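1. this one's sequence-less:
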C-alpha cells in the first residue's frame, strides 16, 4: 500500500492549458473567432454600404425635388412673361430649396466658381442660413459633374475635424442652361453613430457566441475525452502493479473504443506474461532447491564414508568394501541425477528435434528385446508417428524404469494405441498405483508421492517430467490413469505420420 501511494503521488500532472481538452477547445475557438471576424467585417461593410446607399437615395430624392421646384419657378416666370433669373439667382434658389430639407448645398458654375451655398437652420432661427463657401468634394468630382453630367456617388469626407456625407449632381435648367454642379452634404455624425452601434452589436454578439462556444466546447470535449481519462487511470494502476485493472469501457467503433479494446488486450497479455513469469520463477526456485537437496544427499553420504575411511577403516577390508560400495551407489545415483538434469535442460532450451516417421511396433520391438524383466506386448503393426527416435527412446526408457521401480516385480505390459489423428505407446505396471491426491502432480519435477515413490527406491523424481517435456517438444501429450492397488498406466500420444515409417532396419 505504501509503495502504491508513493507512486500515485508522483504521477505527472498536466497544466490546465496543456490539456488536450483545452487545446482542442481553444483551437476551435481560434478558428471560430477568425470566421466570426471575417463574417463581422463583411457584415459591417455591407451594412455601411447599405446605410450610405440609403442616405444617398434620400439625397437624390431631395435634389430631384429641389430641381423640380426650380423648373416650376422658371415655368411660372415664363408664363408671366417675366425675365429669366440669372445663374446666381437660380443657384441661390436651388441651394435654399435643398437646405429646407435639412441638407447643406453648394452650387458651382461650369468654371467651378461658387455661385451659391446654403445650410439648414435651427428651430428658433431661419430655415435656411448661410452655408459653406468652400466645396467638400474634390475638384475632379465637381468637374466631372459639371462637364459630363455625371452623378458622383455618396462618400464620407472629413473636414475641419468633422465628417460629412457628400454627393455631387450635375445641374441643368428647364431651358437646358448648364449651371455646373451642386454639392449636397450632411453631417455624418448620426450615420457614424449608427454604424458604431451596429459594430458594437456585432462585436458583442461575436463575443457572446465565443463564450457560448467555449462552454459548449469544454462540455463536449470533457464528455468525449472522459474515456481517455479512464484509460489513463487504468494504465497508471497497471503500472503500479494492479494487473487485473481494465478500462471498463464499452467497446465502440470510434478511435477511443478501439484504443480501449487494444489496451484491455494488452493488459490481459501483460497479466498473463507476468503470471507465467512468476510461475516460472517459482518453479525455477523450487527446481534449484530440489536439485540442491537431491545432490546434497549423495554428497553427504560420500563425504561421510570418506571420513570413515580417513579415520582408519581402510585397515578393515569388510568395512572398506562396504563404504566403497555405498559410495559407488551414491556416485551412480548422482550421475543419473545429473544426466536427467541435462536432459531436462536440453528440452527446456528448445533444441530442435529431428522429427521423422517412426513405426511404433518396430521401435518397441527393438527397445524391449533383451530386457531381463517380465514383459507383455500388444503391438499393432503399421502405426507411424512423427517423432525423434532418440527422444522417443528416452521416453520409453524412463517409462520402463518407472514401471520396474514401482511395479512390484509384476509383468509390465506394453502396447500401441491409435486414434484418427494420433497414435501412441502405452506402459502399464501392476504396482500399488497412485493416490488421487498425487495423480495431478506426477509429471512435476522432483515430485514423489508419500508412499511408494520414495527416495529410498532410488528415483530422482525427474523421469516422468522428462517424459512430458519430450512429448510436448514433439507436439504430443502424455496421460496417466491409475487407481490405488491396480497399478498405473501411462500413454504417450504423438501425431500420425503419412510417409514411410522409420524402423530399426532402415536406420
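-> Perfect, I can see it now. Given the structure is predicted, the values throughout are model-derived calculations rather than measurements.

2. list phi and psi for the residue in the chain sticking out farthest from the centre.
-> Residue farthest from the centre of the chain, counting by CA atoms, centre = their mean, is residue 81 at 98.5 Å. Note on residue 81: its backbone torsions stand at phi 60, psi 30 [degrees, to the nearest 10].

3. go on, the one 5 residues further on?
-> Its backbone dihedrals place residue 86 at phi -70, psi 170, with angles given as degrees, to the nearest 10.

4. now stretch 152-167, how far from the centre of its chain.
-> Distance of stretch 152-167 from the chain centroid (CA atoms, centre = their mean, to the nearest Å) equals 62 Å.

5. any buried residues in that stretch, and which?
-> 152, 154-155, 157, 164-167 (16 or more other CB atoms under 10 Å). (Each C-beta comes from the backbone N, C-alpha and C, glycine too.)

6. just the strands from the stretch 1-150 of the chain, written as ranges.
-> Taking DSSP state E, counting those that start in this stretch as the test, the strands found in the stretch 1-150 of the chain are 104-108, 114-120, 128-130.

7. now do residue 307 against residue 318, distance only.
-> According to CB to CB, to the nearest Å, residue 307 and residue 318 sit 18 Å apart.

8. who has more neighbours out of the two?
-> residue 307 (11 against 8; other CB atoms under 10 Å).

9. contacting residues for the more buried one?
-> With CB atoms under 8 Å, 6 or more residues apart in numbering as the criterion, no residue contacts residue 307.

10. isn't there a helix covering it?
-> Yes: under DSSP: H, G, I helix; E, B strand; the rest coil, residue 307 falls within a helix.

11. need the winner for burial among the strands of the stretch 1-150 of the chain.
-> strand 104-108 (a mean of 27; mean count of other CB atoms under 10 Å).

12. what are the contacting residues of stretch 31-43?
-> So stretch 31-43 is contacted by 202-203, 206, 209-210, 213 (CB under 8 Å, 6+ apart).

13. kindly indicate which of those residues lies nearest residue 270.
-> The closest of the contacts of stretch 31-43 to residue 270 turns out to be residue 213 (CB to CB; 41.3 Å).

14. returning to what we had before: just the buried subset of the contacts of stretch 31-43, please.
-> 202, 206, 210, 213.

15. contacts only, for the second one.
-> Which is residue 206. 33, 36-37, 40.

16. then the last one?
-> Each residue near residue 213 by CB under 8 Å, 6+ apart is listed here: 28-29, 32.

17. from those residues, which land in helices?
-> Judged by DSSP state H, those include 28-29, 32 as members of helices.

18. relative to residue 265, which of those is nearest.
-> residue 28 (32.7 Å).

19. how far away is the closest residue to residue 98 other than its chain neighbours from residue 121?
-> Leaving aside its chain neighbours, residue 98 sits nearest to residue 105 (3.8 Å; criterion: CB to CB, 6 or more residues apart in numbering). According to CB to CB, residue 105 and residue 121 sit 13 Å apart.

20. overlap in contacts, these two.
-> Common neighbours of residue 105 and residue 121 (CB under 8 Å, 6+ apart) are residue 99.

21. in the contacts of residue 206, which residue is surrounded by the most others?
-> residue 36 (20 neighbours).

22. do you know how far the residue nearest to residue 98 is from residue 33?
-> Distance from residue 105 to residue 33, by CB to CB: 46 Å.

23. and residue 167, by the same measure?
-> Using CB to CB, which is the criterion applied here, residue 167 is 38 Å from residue 33.

24. and residue 326, how far from residue 306?
-> 11 Å.

25. which one of the two is surrounded by more residues?
-> Neighbour totals were compared for residue 326 and residue 306, and residue 326 leads with 16 against 13 (other CB under 10 Å).

26. residue 427 bridge partners, please.
-> Counting by DSSP bridges, residue 427 forms beta bridges with residue 414, residue 490.

27. and the pLDDT at it?
-> Predicted confidence (pLDDT) for residue 427: 93.

28. show me what contacts it?
-> 396, 399-400, 402-403, 412-414, 489-491.

29. what about 6 Å?
-> Shown in contact with residue 427 (CB atoms under 6 Å, 6 or more residues apart in numbering): 399, 403, 414, 490.

30. what is the most widely separated pair among those?
-> Maximum distance among those (CB to CB): 10.6 Å, for 414 and 490.

31. report the buried residues of the helix or strand residue 318 falls within.
-> Take DSSP states H and E as the rule and residue 318 turns out to sit in helix 317-348. By neighbour count on 16+ other CB under 10 Å, the buried set for helix 317-348 is 320, 323, 326-327, 330, 333-334, 336-337, 340-341, 343-344, 346-347.

32. quick check: domain ranges of this protein?
-> 14-240, 353-495 (automatic domain parsing).

33. and for the closest residue to residue 377 other than its chain neighbours, the neighbour number?
-> Closest residue to residue 377 apart from its sequence neighbours, by CB to CB, 6+ apart: residue 414 at 5.3 Å. The local packing of residue 414 (other CB under 10 Å) involves 21 other residues.

34. per-residue confidence for residue 414?
-> For residue 414, the model assigns a pLDDT of 92.

35. now it: how far from residue 170?
-> Counting by CB to CB, the gap from residue 414 to residue 170 is 130 Å.

36. before we move on, the earlier item: let's have the strands of the stretch 1-150 of the chain in a markdown table, adding distance to residue 447.
-> Formatted as a markdown table, those follow (distance: least, CB to CB, whole Å):
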| stretch | distance to residue 447 |
| --- | --- |
| strand 104-108 | 117 |
| strand 114-120 | 119 |
| strand 128-130 | 124 |
